[in-house]
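K.L.:
With the sequence up front, the predicted model follows.
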Amino acid sequence: MSMAALTLLQGRSQPLRLVIYDCDGVLIDSEPVASRVCAEEISALGWPMTAAECHAQFLGMSLSDMRPVIEAGIGRILPADWVRGLAARLVDVLAQEATTVDGAEATLRATTALGLDWRIASNSGPAELTAKFARVGLSDLVLGRVHSANEVISRGGRGKPAPDLFLAAAAASRVSPAECVVVEDSATGIRGALAAGMTCLAFTPHGDMAGLAALGAAPVRSLYDLPALFGAAL
């Protein structure tokens, strides 16, 4: 168990009532697949990119936020339907290839067993989220708990790293930001969670613990550690 995470959770001034999980890289191991698909599409535009480079460049970003970066990289404006086309391809591929992160289902069920509410907040589109959870057999478990950035964007808000998505998840559970803990794996998500006034844990099974910790999140190596951490914080 991460002592830094335990210290952070036990030092909170408000009771823990809601856990907000990121999806990609935290619950669903979709990032290698998505990075491969996006790298193929970007390379076809004339900006050669490997899956690893795509992952490093765009981790945690929505497709809409990726668009201006890609346009700057290729030196021209993308067709109006480019994002929609990429989103559709991601849905098709992830519906066939998405897998869960080790411990994801057990951790969600254990969070409920602790008497804690939980939600999922993702920059992915709703169709992609539906496809991924259906692929791994978690559709019923997450029903009514999934929030996509598209929801807040349609109301004039922004996806991560803005706080809007996290605040929408908290509002849906009728809790204050100070009563929330977020589990994220990207700098984009961590910045959004902290901007929302929420405690953040950085899920880093293979990543840079020091880099994410420097942003203000406490690192956690395994999802299996989370129930014990949450229990100790209650």
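P.N.:
Cool, the structure landed.

K.L.:
Mark out where each domain of this structure begins and ends.
P.N.:
Residue ranges of the domains in the chain are recorded as 3-29+100-233, 31-97, according to automatic domain parsing.

K.L.:
now, of these, which is deepest in the fold?
P.N.:
Mean neighbours per residue, mean count of other CB atoms under 10 Å, is largest over those for domain 3-29+100-233, with a mean of 19. Backbone N, C-alpha and C define where each C-beta goes, glycine included.

K.L.:
Assign a three-state SS to residue 121, would you?
P.N.:
Recorded secondary structure, residue 121: strand (DSSP: H, G, I helix; E, B strand; the rest coil).

K.L.:
Then residue 200?
P.N.:
Criterion first, three-state DSSP; result for residue 200: strand.

K.L.:
could you measure it against residue 183, distance?
P.N.:
Note on residue 200: its distance to residue 183, by CB to CB, to the nearest Å, is 8 Å.

K.L.:
on that earlier part again, any chance of the domains of the chain in JSON lines, plus mean pLDDT?
P.N.:
What follows is these, written out as JSON lines (pLDDT from 0 to 100):
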{"stretch": "domain 3-29+100-233", "mean pLDDT": "95"}
{"stretch": "domain 31-97", "mean pLDDT": "92"}
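
K.L.:
give me phi/psi at residue 165?
P.N.:
Main-chain dihedrals, residue 165, degrees, to the nearest 10: phi -70, psi -40.

K.L.:
now residue 115
P.N.:
Per degrees, to the nearest 10, the backbone of residue 115 is at phi 90, psi 20.

K.L.:
Quick check: the gap between it and residue 17.
P.N.:
Per CB to CB, residue 115 is found 9 Å from residue 17.
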